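*Asks:* would you be able to build a 3D model of this:
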Amino acid sequence: MMRSNTFSTAFRKLALSLLLIGLAGLTDSALAQSSKTKNPIRFSFEIVGNRKDAFSAGETIDVRLTAIQLDRSCTQGIEKTRIFLKGLKSIHQNSWIENKDGSWEKVITVLVNEKGKELQITAYHESDAGKTVEIFNLKRKES
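*Replies:* The predicted structure follows:
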């Protein structure tokens, strides 16, 4: 009796392990599929010119925003990208320019506000292929 009970317990543990491994494989596959459509565009930010560790109120900053389309299934243009600012004020934004490598870029000129602890630029793009949100944090110089 004892032997068949041990066999039965071992068999149940093996079956449960195989089931969990199979479910984990399905989950990984589903995550891989969704990650392709969640972020159809990758954004990167770069300070142009006045590169500093921290910025004071009243300073202007030129930031280059580059977009690379990862999934060519997006049927809406890069112009649908929205830019949100926190602790900054937009002074000027160039139009998007397509580079020879297929990436897009624009330069944004911002002014550091008097108020607000955080300095942040957020690029947000939503299309039929998914959503992308990228945040660029800048440091405020302490007074």
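
*Asks:* going by C-alpha atoms from here, please, whenever you check contacts or count neighbours.
*Replies:* Fine.

*Asks:* domains in the chain, by residue range?
*Replies:* Domain segmentation of the chain under automatic domain parsing yields 1-38, 39-138.

*Asks:* and the strands in the chain?
*Replies:* 41-48, 60-69, 82-86, 88-93, 97-98, 104-112, 119-127, 130-138 (DSSP state E).

*Asks:* neighbouring strands - and their directions - for the second one?
*Replies:* Here strand 60-69 has these sheet partners by DSSP bridges: strand 41-48 (antiparallel), strand 104-112 (antiparallel).

*Asks:* average pLDDT for stretch 102-109?
*Replies:* The predicted model gives stretch 102-109 an average pLDDT of 94.

*Asks:* quick one: buried residues of it?
*Replies:* Neighbour-count burial for stretch 102-109, counted by 16 or more other C-alpha atoms under 10 Å, picks out 103-105, 107-109.

*Asks:* quick one on the thing from earlier: for the domains of the chain, which has the smallest mean pLDDT value?
*Replies:* Averaging pLDDT over each of the domains of the chain puts domain 1-38 lowest, since it has a mean of 49.

*Asks:* give me the number of residues near the closest residue in space to Gln69 that isn't next to it in sequence?
*Replies:* In space, and not counting its chain neighbours, Gln69 is closest to Ile41: 4.4 Å by C-alpha to C-alpha, 6 or more residues apart in numbering. Burial of Ile41 is recorded as 28 neighbouring residues (other C-alpha atoms under 10 Å).
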